[in-house]
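*Asks:* Output the structure for:
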Amino acid sequence: MSKIFPIILDEELDKKIKEYMLKKGIRAKKDAILELIRRGLEK
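*Replies:* The predicted model follows:
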């Protein structure tokens, strides 16, 4: 996991990702992060 994402997430971002995972029913954190990155790039 840390090899794929050498990003240290701050707690606020971590909370947002966890909320997003719960909303979307995403189990794998890296999938949630990838999805959020994709959305961020689309804007």
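*Asks:* distance of I26 from D10?
*Replies:* Distance of I26 to D10, given as CB to CB, to the nearest Å: 20 Å. Placement of C-beta: from N, CA and C, glycine included.
*Asks:* pLDDT of the helix or strand containing K30, averaged?
*Replies:* In this assignment (DSSP states H and E), K30 forms part of helix 29-42. Here helix 29-42 scores 83 as its mean pLDDT.
*Asks:* Any buried residues in it, and which?
*Replies:* By 16 or more other CB atoms under 10 Å, the buried positions in helix 29-42 come out as K29, A32, I33.
*Asks:* Now find how far off-centre that helix is within its chain.
*Replies:* Helix 29-42 sits 6 Å away from the centroid of its parent chain (CA atoms, centre = their mean, to the nearest Å).
*Asks:* What helices and strands are in contact with it?
*Replies:* helix 11-24 (3 or more CB pairs under 8 Å, 6 or more residues apart in numbering; DSSP states H and E).
*Asks:* Touching the helix it packs on from outside, list them.
*Replies:* Residues from elsewhere that reach helix 11-24 (CB atoms under 8 Å, 6 or more residues apart in numbering): L9, I26, R27, K29, A32, I33, E35, L36.
*Asks:* and with 6 Å instead?
*Replies:* A32 (CB atoms under 6 Å, 6 or more residues apart in numbering).
*Asks:* how far off helix 29-42 does that helix point, in degrees?
*Replies:* Helix 11-24 and helix 29-42 are oriented at 100 degrees to each other (axes from the mean of the first three to the mean of the last three CA atoms, to 10 degrees).
*Asks:* Can you give the distance from helix 11-24 to the centre of its chain?
*Replies:* 7 Å.
*Asks:* If we go by neighbour counts, what in it is buried?
*Replies:* Those would be I17, Y20, M21, for helix 11-24 by 16+ other CB under 10 Å.
*Asks:* Next, the contact list for I37, please.
*Replies:* With contacts defined as CB under 6 Å, 6+ apart, I37 has no neighbours.
*Asks:* and what of I33?
*Replies:* By CB under 6 Å, 6+ apart, no residues touch I33.
*Asks:* Number the residues from 27 up from this point.
*Replies:* Shifting the count to begin at 27 puts that one at I59.
*Asks:* No further queries at this time; thank you.
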